[in-house]
Structure formats: C-alpha cells, structure tokens
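> give me coordinates for this.
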Amino acid sequence: MFDHFLFVLILLCVPEIFSVSSLHHQEVLGSKYSGSLMKVETVQGMLANLPCNITPSLSNDRVLLVLWYKDGLGNPIYTFDLRQSPAHESIIVSKESNGRAHLNINHQPMSFLSILGVEENDQGEYYCRVDFKFSPTRYQTINLYVVVPPKVAVIYQPGREYAESPGPFRLNHTNILYCDVIGGHPASSVRWYRRGSMIDGTWKEIAPGKSRNILQTEFSRDMFNTQIECRGSNNNHTNPVVRTMNVKILLPPLSVEIGRIPSTLSSGRQYTVECTSRGSNPPPTISWRILGQSTSLLGAKQTNLGDRLTSISQLKYSPRDVDEGKTLVCSAENSAVNSTVQTSTLLNISSVPRVTLEFGSTIQKSEIKEGDDVYLNCRISAYPQSYKQSWYFKGEQITDDSSGYMLHENSVVIRNISRNMQGEYSCSATNSEGTGFSNTVKIPVKYRPTCKHPEENIVVKKGDRVILTCPVIANPEPTDFRWSSTFGGSPLEKLTPTASIEFTPTSDAHFGALTCWAENSLGVQSVPCILHLIHSGVPEPVKECRTNISQANVMISCVPGFVGTSTSSSSSSTPSQHFILRLSLS
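Residues are numbered from 1 along each chain as shown. The predicted structure is shown next:
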C-alpha cells in the first residue's frame with residue numbers, strides 16, 4: 001500500500017519530466033497510473049520515452065536489472081544490467097537494439113526507455129521488470145501508441161478522380177470539390193484553406209486510413225487564379241499533408257476596346273489596329289468585320305496574356321474607299337460560356353474620288369441622232385470632297401470654250417449633237433488624295449446618209465463594164481439607193497437595195513454625170529452624190545474651123561473635139577488640152 005502511494009507521488013513529478021521529453025517530439029496523452037498501466041503516445045519516426053519507476057522502496061536497496069518485454073513476457077527485447085554499469089553513468093545502451101534503444105536513468109525516480117526513430121510496428125504493450133537487490137521485483141505495463149502521419153492529400157471533382165487538376169469552374173455556380181487524405185492512423189482531419197484562412201473544417205473518416213472533406217462553394221471573379229489548399233493532419237508534431245490548386249474559372253469577357261486610330265484613314269494605306277479584350281477565361285476568339293458584311297476581315301494576330309485575362313488582336317487593315325462611312329466592329333467571343341461582347345468605330349476614309357459616268361436619265365443611247373441634246377452625269381463619291389471636275393472627249397479635255405458643250409458641276413450637255421461629236425467621253429474628279437477617272441462612255445450618233453465626197457470622177461473605156469458605188473456614209477446603214485442620169489438627153493431612174501450597180505458605156509452618149517441618193521431609217525439624204533463617167537482616150541481633132549484674114553492678122557477659130565482623158569486622171573476637173581497650129585508658107 002505504501003509502495004503504491006509512493007509511486008503516485010512520484011508520478012506527480014512526471015509532467016515536468018515529460019515536458020523535457022516533449023522537446024524530443026513526444027506527446028504523452030495520458031500518464032495515469034491504474035494499477036501498474038501507463039499509456040504513451042508518439043509519432044512515427046520520432047522518439048518514444050517509456051517511463052519505468054526504478055526507485056527502490058528501501059533506502060538501502062539498489063537496482064540490479066531492468067528488463068523490457070513487448071506483447072508478452074517471453075524473452076526480453078531489451079536488457080539493462082546496472083550491476084556492471086558505473087555509478088555515474090546515466091544512459092545505458094541496449095545490446096539487443098543495435099543502438100536504437102537506451103535506458104535513461106538520469107531522471108530519478110523514473111527511468112525512461114528511449115526508442116529512436118519509432119516505427120509503426122513498435123506500437124504495443126511494453127512491460128518493464130525491475131529487479132532490486134533486496135526489494136521484490138516490480139512490474140509495470142506501458143501501452144505505446146504510434147501515430148502514423150497521413151501519406152497524401154488528393155483534390156478532385158466528382159466523376160473526375162483521375163483528372164490532372166480540377167476545373168475549370170463556372171462563375172457563381174455551386175461547385176463541389178472532394179479532398180481525400182489517405183494513409184496513417186488515427187484518422188486525419190481534413191480542412192480547406194484560402195489565403196491562410198480556413199473556409200471549411202467539416203470532415204469524416206470514410207474508410208480506415210481515409211478521410212474526406214466535401215467543399216461546396218461558389219467561385220467569384222476575384223477568386224480567379226487564386227490558390228486554395230487542402231490540409232490533412234492527425235498530430236501536432238509533423239507538417240500536414242497539403243494539396244494546393246489554382247482556381248480556374250470560366251469567365252465571360254468583361255469588355256472589348258478598339259485602340260486609337262487616326263481620325264481619317266487613307267484608302268490603300270496599311271494600318272495596324274488593336275482591339276483589347278479583358279476578363280475572359282479561356283481567352284476569347286477576337287474577330288474583325290465591317291458592319292453589314294458577312295465575312296470577317298483577315299490578317300489579324302492575337303496575343304493572349306492569360307495571367308491578366310487580357311487578349312490583344314492586331315489587325316493589318318488597308319481601308320477601301322467603299323468602306324467610307326461604314327462601321328468597323330471588333331468582337332470577343334468566349335464559346336465556353338456562350339458570351340460575346342463587341343465594340344465598334346466609325347470609319348472616315350479619305351480616298352481618290354470614285355467617279356462613274358452615265359447618261360442622263362431621259363437619254364436612250366441607241367436612239368441618239370444628229371440634232372439631239374445629250375446629257376451626261378458624272379457621279380462622284382469622294383472624301384474629302386472633290387474640288388475640281390474635268391470632262392474629256394477622245395482623251396482631250398473639254399473646256400468652257402469648247403463649241404457645242406455646256407459644262408456644269410457634275411454634268412455636261414452636248415447641244416445639237418453631230419456626227420463629229422460621237423465617240424468616247426469620260427470625266428474626272430480631284431481632291432487632296434489625287435485624281436480619279438471615270439469609265440468611258442461611247443456615244444453613237446445616228447444620221448441620214450451623206451456623201452463621202454461631193455463629186456467623184458470615174459474613167460472608163462467605151463465598151464468596158466464598170467461597177468459604180470454610191471459613196472455615202474450613214475448610221476444606220478442605208479437600205480435603199482436611187483440612181484439618176486441624163487445620158488444622151490434621156491433621163492435614167494433606177495432603184496437598188498445595195499450601194500453598187502453595173503454599167504457598160506457603149507457610145508459617147510453614155511459618158512457624163514450620174515447622181516445617187518441613199519436612204520436609211522432616218523430618211524433620204526438631202527444632197528445627192530455625183531459620179532462623173534469620163535471616156536478614156538486621146539482628144540479628138542478640132543472641127544468647124546473658121547478663118548478671118550486681115551492685112552495685119554490671120555485669126556483661125558475651131559471647135560474642140562472630145563477632150564478625152566489620160567489613164568492617170570482621177571481628179572474632178574476636166575483635163576486641160578493644148579492646141580498646136582502648124583502653118584505652111586508657099
């Protein structure tokens with residue numbers, strides 16, 4: 001009874017002793033003495049100090065042997081023979097432990113069995129047997145519990161246990177995350193932390209050596225790319241197992257902005273235009289288009305700055321004059337969240353004027369005839385506005401002094417048009433970007449037949465067949481021809497559908513003048529063409545000669561015969577002839 005009471009008094013001093021041992025990473029969860037049973041807890045890999053009272057109950061007594069048994073009283077696992085130890089020695093090494101266990105007797109009345117690098121299989125019931133020289137042998141039981149830290153923490157989403165990393169998550173939706181802490185005993189607590197603060201500490205053991213915490217949370221935009229971590233631990237002496245993940249959230253784009261561009265763009269020149277999208281994850285697809293056109297503009301290069309949720313598209317843009325006044329649109333589309341934002345800017349494009357020449361609205365090109373007034377309009381599209389317009393006929397500029405033309409700002413009136421005014425017309429407009437030229441408009445003019453030459457000589461021999469052609473021009477082409485002559489004093493009238501007739505002169509009376517007229521849909525020519533049929537040959541002798549003789553002079557007068565013509569005669573005038581007088585004096 002006294003021994004028992006003494007042992008309890010000694011245990012009152014144990015907390016101070018154990019507090020020293022705790023510096024060696026031991027936690028004593030309980031040191032109650034119930035009979036001779038004590039409980040000691042430590043962590044795998046650390047130091048275990050098992051207490052054993054070795055103080056004799058008799059003042060003149062001393063310890064001879066300290067024997068330690070495990071899980072039964074068979075052979076001792078550690079033997080400490082204090083009979084052979086020097087009196088001043090406070091630590092005695094067990095020969096059986098290869099230096100792993102030793103007995104510390106420096107803390108009277110207690111001794112401690114110190115086990116270095118505790119392993120999981122060191123757990124169990126230990127029995128301390130103390131043999132004294134005089135006192136009875138003392139037995140004490142110590143229950144050693146070894147805490148095994150957890151091995152690993154795993155974060156995953158339901159149904160995605162083998163994914164490399166959870167996410168991405170939907171914005172402002174309830175998202176579920178599992179964290180399993182695996183290995184070790186007793187069961188580990190599992191807690192979620194964000195920025196060092198615990199956000200969920202509810203967990204449960206779902207199987208031996210496996211604990212789980214199910215986090216249900218909504219992720220807001222400001223949590224994008226922040227870290228949350230899961231910590232698992234079953235003791236206060238080892239670091240918890242930790243699994244960290246970056247929060248990836250599907251985010252719609254917040255804004256899109258077109259960078260500054262010149263207030264006025266020059267057509268044909270290349271510009272680099274930037275469009276910046278912010279707030280989208282994954283990066284959006286940025287596209288460019290002209291409002292009202294179905295196809296996107298090509299030539300853009302996109303750069304994504306993922307850590308800042310920023311994407312920049314650079315478009316190589318060459319404005320076209322047809323895009324003046326239209327709207328350039330930049331769109332950022334995140335198909336993962338079915339979200340698109342866009343912005344636009346109005347295009348002011350300066351260009352060489354676009355010029356189109358066309359007939360006046362009342363003019364029918366196919367019905368223009370001599371004497372009509374013809375209107376031409378010069379349509380000009382220009383930014384900036386044109387300050388000069390010009391008109392051209394067959395490539396030559398028409399001026400205010402040009403006869404038959406009335407020039408206005410964007411139109412011209414051709415007064416009383418004639419066949420000489422038919423041909424190609426164009427116009428131009430000039431602004432600060434240059435001069436633009438229109439298309440060419442060809443004006444056809446209809447007119448009645450007229451002679452190419454007023455008169456024409458045709459040389460032919462008597463008896464030869466000749467083809468006579470009425471030398472007219474007309475638009476449209478003539479459909480009928482009328483021939484007339486007064487050969488031999490007899491009038492000749494003939495109608496033909498073609499411009500040519502065949503004729504054979506057989507007598508001198510068949511030489512002379514023929515006239516022809518042509519007719520088209522506009523009417524009959526007003527002045528006929530004259531063809532002179534000339535006999536080919538030498539002049540005939542003179543005839544009807546008369547002589548007038550006076551004292552001082554002799555005058556002879558004759559009537560010329562047929563003049564004839566030379567083979568080279570082709571002029572409209574009658575060939576000249578020379579007369580030779582041969583005088584014989586006897």
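
> burial measure for Lys461, as a count.
11 (other CB atoms under 10 Å). Where C-beta positions appear, they are placed from N, C-alpha and C, glycine not excepted.

> where does Arg191 fall, secondary structure wise?
Take DSSP states H and E as the rule and Arg191 turns out to sit in strand 189-194.

> what about the next helix or strand after that strand, distance to the chain center?
Counting by DSSP H and E, the element after strand 189-194 in chain order, helix or strand, is strand 197-200. Computed by CA atoms, centre = their mean, to the nearest Å, the chain-centroid distance of strand 197-200 equals 44 Å.

> for strand 197-200, which strands pair with it and how are they oriented?
strand 189-194 (antiparallel) (DSSP bridges).

> and the partner strand, what's buried?
Neighbour-count burial for strand 189-194, counted by 16 or more other CB atoms under 10 Å, picks out Ser189, Val190, Arg191, Trp192, Tyr193.

> let's have those in a markdown table, adding pLDDT.
Shown next, in a markdown table, are the buried residues of strand 189-194 (pLDDT from 0 to 100):
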| residue | pLDDT |
| --- | --- |
| Ser189 | 96 |
| Val190 | 97 |
| Arg191 | 97 |
| Trp192 | 97 |
| Tyr193 | 97 |
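
> out of those residues, which comes closest to Ser335?
Distance to Ser335 across those (CB to CB) is lowest for Trp192, with 31.4 Å.

> beta partners for that closest one?
Here Trp192, judged by DSSP bridges, has bridge partners Asp200, Cys230.

> which residues does it contact?
Listed by CB atoms under 8 Å, 6 or more residues apart in numbering, the contact partners of Trp192 are Leu177, Cys179, Met198, Ile199, Asp200, Gly201, Asn213, Leu215, Ile228, Glu229, Cys230.

> mind giving me the PyMOL select for the residues you listed, buried ones only?
Buried subset of the contacts of Trp192, written as a PyMOL selection, criterion 16+ other CB under 10 Å:
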select buried, resi 177+179+200+213+215+228+229+230
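
> tally of neighbours for Ile155?
Residues near Ile155, counting by other CB under 10 Å, number 20.

> oh sorry, the question was meant for Ala509
Neighbour number of Ala509 under other CB under 10 Å is 12.

> Val181 too?
The tally of other residues near Val181 (other CB under 10 Å) stands at 31.

> quick one: contacts for it?
Val181 sits next to Pro150, Val152, Ala153, Val154, Ser188, Val190, Lys210, Ser211, Arg212, Cys230, Gly232, Val241 when contact means CB under 8 Å, 6+ apart.

> with distance to Ser267 and secondary structure added, can I get the residues you listed in TSV?
Below are the contacts of Val181 laid out as TSV (distance: CB to CB, whole Å; DSSP: H, G, I helix; E, B strand; the rest coil):
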residue	distance to Ser267	secondary structure
Pro150	71	coil
Val152	66	strand
Ala153	64	strand
Val154	62	strand
Ser188	72	coil
Val190	67	strand
Lys210	71	strand
Ser211	71	strand
Arg212	67	strand
Cys230	61	strand
Gly232	68	strand
Val241	67	strand
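
> list only those of these flagged as buried.
Judged by 16+ other CB under 10 Å, buried ones among these: Pro150, Ala153, Val154, Ser188, Val190, Lys210, Ser211, Arg212, Cys230, Gly232, Val241.

> test my guess that Lys326 contacts Leu347.
Yes. Contact criterion CB atoms under 8 Å: Lys326 and Leu347 qualify, at 5.4 Å.

> point out where the chain drops to low pLDDT.
Residues of the chain meeting the criterion pLDDT under 70: 1-36, 73, 86-88, 162-164, 488-492, 537-538, 562-576, 584-586.

> so what's the residue lying closest to Arg138 once chain neighbours are set aside up against?
In space, and not counting its chain neighbours, Arg138 is closest to Val130: 4.5 Å by CB to CB, 6 or more residues apart in numbering. Contacts here follow CB under 8 Å, 6+ apart; on that basis Val130 touches Cys52, Asn53, Ile54, Val63, Leu65, Val66, Thr137, Arg138, Tyr139, Gln140.

> what is the burial count for Gly99?
Using other CB under 10 Å, Gly99 has 9 other residues around it.

> over to it: give its phi and psi.
phi 80, psi 0 (degrees, to the nearest 10).

> roughly how far does it sit from Leu297?
Counting by CB to CB, to the nearest Å, the separation of Gly99 from Leu297 is 80 Å.

> same question, Gln525
Taken as CB to CB, the span from Gln525 to Leu297 is 63 Å.

> against Lys316, how distant is the most centrally placed residue in the chain?
The chain has Ala300 as the residue nearest its centroid, 4.1 Å off, counting by CA atoms, centre = their mean. Counting by CB to CB, the separation of Ala300 from Lys316 is 7 Å.

> next up, phi/psi of the residue nearest to Arg138, please.
phi -120, psi 120.

> that one bridge partners, please.
Beta-bridge partners of Val130, as defined by DSSP bridges: Val66, Arg138.

> contacting residues for the closest residue to Pro384 other than its chain neighbours?
Of all residues not flanking Pro384 in the chain, Asn431 sits nearest, at 5.3 Å (CB to CB, 6+ apart). By CB under 8 Å, 6+ apart, the residues touching Asn431 are Ser350, Val352, Pro353, Ala382, Tyr383, Pro384, Gln385, Ser386, Tyr387.

> returning to that earlier point: export the buried ones among the contacts of Val181 to JSON lines and tack on distance to Ile91?
Below are these laid out as JSON lines (distance: CB to CB, whole Å):
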{"residue": "Pro150", "distance to Ile91": "34"}
{"residue": "Ala153", "distance to Ile91": "39"}
{"residue": "Val154", "distance to Ile91": "44"}
{"residue": "Ser188", "distance to Ile91": "35"}
{"residue": "Val190", "distance to Ile91": "41"}
{"residue": "Lys210", "distance to Ile91": "41"}
{"residue": "Ser211", "distance to Ile91": "40"}
{"residue": "Arg212", "distance to Ile91": "45"}
{"residue": "Cys230", "distance to Ile91": "43"}
{"residue": "Gly232", "distance to Ile91": "37"}
{"residue": "Val241", "distance to Ile91": "35"}
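
> out of those, which is nearest to Ala518?
Nearest to Ala518 among the buried ones among the contacts of Val181, with distances taken as CB to CB, is Val154, at 107.4 Å.

> so in terms of bridging, what pairs with the closest one?
Counting by DSSP bridges, Val154 forms beta bridges with Asp180.

> picking that back up, among the buried ones among the contacts of Val181, which one sits closest to Phe219?
Cys230 (15.6 Å).

> how close does that closest one sit to Leu583?
153 Å.

> these two touch, right, Gly463 and Thr504?
Yes. Counting by CB under 8 Å, Gly463 does reach Thr504; the two are 6.8 Å apart.

> I am finished for the moment; much appreciated.
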